[in-house]
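> Okay, predicted coordinates and the sequence, questions at the end:
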Amino acid sequence: GVVPFVALLLLQRRPVAGRALLVTGSSCPGHGLCRSNVQEQTRRQVALLNATAQDLFSLYLKCQGEPFSSEADRLCNPSGIFFPTFRVNRTSEKKEVMVAMYKLFAFLNASLGNITHDQEELNPTAKELLDRLHNTTKTTRGLISNLTCLLCKNYNIFQVDVSYGDSSKGKSAFKKKQQGCQVLRKYVQVIAQVARVLLPHLSP
């Protein structure tokens, strides 16, 4: 199968731009890249992420304790954090939508890696939260793999410029918790938009 390049940039302190090499080599392979049901699988993965995003955010807040439980609107306001723009809509070209999605989920996968790493240190006994973070990451990686396939097969795109967000390395426990809740709050908002935009493009 295709192994997409998704870096967990745990050592970086600011948004970092990079180029994700979707497949090894200088071009897309000619065959054997996609499963026959890749579009349906991609649609289901986005639907699953959308359906579980709010519950993940709520559970995250619960596990952080106060003041996050009671002051989520103030502490988790995502307006000040970097998050990839998703400026496509239902009438955008499918290629544009797929590239925007790849950029978004490459960023999200790296962010989930940071959040999971922090929660393993800060809340090692929060089994349900850690399980949900791992499951969300697993779904995201599967989605990236399918997007890799679609970009290569349909558009011969094998490199995408991506950006990764702030690392929490070296920050206080409070700041780590806050960064996690800001990213997850923004994720809830964006994944709903992604689901709305994507469905017309992946209809059977």
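That came through, no problem. Numbering: from 1, shown residues only.
> Can you pull up the most central residue in this structure?
In the chain, the C-alpha nearest the mean C-alpha coordinate belongs to residue 108, at 2.4 Å (CA atoms, centre = their mean).
> For it, identify the helix or strand it belongs to.
helix 94-122 (DSSP states H and E).
> Report all helices and strands that that helix contacts.
Helices and strands touching helix 94-122, by 3 or more CB pairs under 8 Å, 6 or more residues apart in numbering; DSSP states H and E, are helix 127-155, strand 159-164, helix 173-198. In short, each C-beta sits where N, CA and C put it, glycine included.
> For residue 104, which of the ones you listed is the nearest?
With CB to CB as the measure, helix 173-198 is the member of those nearest residue 104 (6.8 Å).
> what is the orientation angle of that closest one with helix 127-155?
What separates the directions of helix 173-198 and helix 127-155 is an angle of 40 degrees, with axes from the mean of the first three to the mean of the last three CA atoms, to 10 degrees.
> got the buried residues for helix 173-198?
Of the residues in helix 173-198, those with enough neighbours to count as buried (16 or more other CB atoms under 10 Å) are 176-188, 190-191, 194-195, 197-198.
> show me the residues around the residue lying closest to residue 156 once chain neighbours are set aside that make contact.
With sequence-adjacent residues excluded and distances taken as CB to CB, 6 or more residues apart in numbering, residue 156 is closest to residue 28, at 5.4 Å. Applying CB atoms under 8 Å, 6 or more residues apart in numbering, we find residue 28 in contact with 152, 153, 156, 157, 158.
> Would you show me how to pick out the buried ones of these in ChimeraX?
Buried members of the contacts of residue 28, identified by 16+ other CB under 10 Å, are gathered into one ChimeraX selection as follows:
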select :152,153,157,158
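> Name the helix or strand of this structure that has the lowest mean pLDDT.
When the helices and strands of the chain are scored by mean pLDDT, DSSP states H and E, strand 16-21 comes last with a mean of 49.
> just checking, what packs against whichever helix or strand comes after that one?
Secondary structure here is assigned by DSSP H and E; on that basis, the next helix or strand after strand 16-21 toward the C-terminus is helix 38-64. Where contact means 3+ CB pairs under 8 Å, 6+ apart, helix 38-64 is packed against helix 127-155, helix 173-198.
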